[in-house]
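Peer 1: Need the 3D shape of this:
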Amino acid sequence: MPRLPDEIVPVLERFNQGASLIREAIYGIDAREISRPGPEGWSIRDVLVHLADAELVRSVRIRYILAEEEPLLVSFDEGLWKRRLQYLWRSPEASLALFDQARYSTTELLRQIDTKSWERRGVFLDGEATTVAELLRRGANHPEEHATQIKQLRGILQS
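Peer 2: Below is the predicted model of the structure:
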């Protein structure tokens with residue numbers, strides 16, 4: 001098994017704990033709370049579905065970068081996805097399970113790549129380049145940010 005670069009180990013651990021953070025943030029949630037939008041127009045359900053969709057995109061980006069030479073990466077508009085992909089009707093439980101499974105599968109893959117692969121790059125349509133290591137860092141931060149958002153929403157909705 002390849003040895004992970006020292007700076008990657010704690011980031012991969014945070015990445016791997018993402019679903020647990022979200023489960024902790026929604027623990028004991030009242031069913032009425034989950035679909036009520038907060039001041040920004042996003043409900044907890046919306047956040048959970050967004051996490052799953054964003055994780056699917058991230059996992060595909062990582063795979064493209066690992067498999068191809070500087071592939072083109074497509075961005076997405078989370079507001080459009082929320083409206084057009086029917087977040088209001090999507091299952092929060094299925095979304096969390098999908099998020100968790102995509103994370104698990106990507107973590108399993110990343111534990112096997114060689115040191116050089118962490119710096120492999122993909123390029124967005126606007127010309128911005130990113131690496132596997134950077135996608136991992138962003139992925140580690142993403143559920144942390146949304147766990148905080150969910151806790152804040154719960155506080156607002158309960159008052």
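
Peer 1: Show me what counts as buried in whichever helix or strand residue 141 is part of.
Peer 2: Assigned by DSSP states H and E, residue 141 belongs to helix 132-158. Buried residues in helix 132-158, defined by neighbour count with 16 or more other C-beta atoms under 10 Å: 132-133, 135-137, 139-140, 142-143, 146-147, 149-150, 153-154, 157. Every residue, glycine included, has its C-beta placed from N, CA and C.

Peer 1: again with stretch 36-49
Peer 2: Here stretch 36-49 shows 38, 42, 43, 44, 45, 46, 47, 48, 49 as buried, counting by 16+ other C-beta under 10 Å.

Peer 1: repeat for stretch 114-122
Peer 2: By neighbour count, with 16+ other C-beta under 10 Å as the criterion, the buried positions of stretch 114-122 are 117, 118, 120, 122.

Peer 1: Output that stretch as PDB, nothing but the C-alphas.
Peer 2: As requested, C-alpha coordinates have been extracted for stretch 114-122 and formatted as PDB (Å, rounded to 0.1, in the frame of the first residue of the first chain):
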ATOM      1  CA  ASP A 114       1.000   7.300  -5.200                       C
ATOM      2  CA  THR A 115       2.600  10.500  -4.000                       C
ATOM      3  CA  LYS A 116       2.700  12.100  -7.400                       C
ATOM      4  CA  SER A 117      -1.000  11.600  -8.000                       C
ATOM      5  CA  TRP A 118      -1.800  14.200  -5.200                       C
ATOM      6  CA  GLU A 119      -0.500  16.900  -7.500                       C
ATOM      7  CA  ARG A 120      -2.300  15.800 -10.700                       C
ATOM      8  CA  ARG A 121      -4.400  18.600 -12.100                       C
ATOM      9  CA  GLY A 122      -7.700  19.300 -13.700                       C
END
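
Peer 1: hmm, who's touching that stretch?
Peer 2: Residues outside stretch 114-122 that contact it (C-beta atoms under 8 Å, 6 or more residues apart in numbering): 2-3, 5, 8, 61, 64-66, 70-73, 129-133, 136.

Peer 1: and residue 7, how far is that from residue 144?
Peer 2: Shown here: residue 7 relative to residue 144, a distance of 18 Å by C-beta to C-beta, to the nearest Å.

Peer 1: nope, residue 10 is what I was after
Peer 2: Separation of residue 10 from residue 144 (C-beta to C-beta): 13 Å.

Peer 1: thinking residue 88 is in contact with residue 45, fair?
Peer 2: Yes: counting by C-beta atoms under 8 Å, residue 88 sits close enough to residue 45 to count as a contact (7.2 Å).
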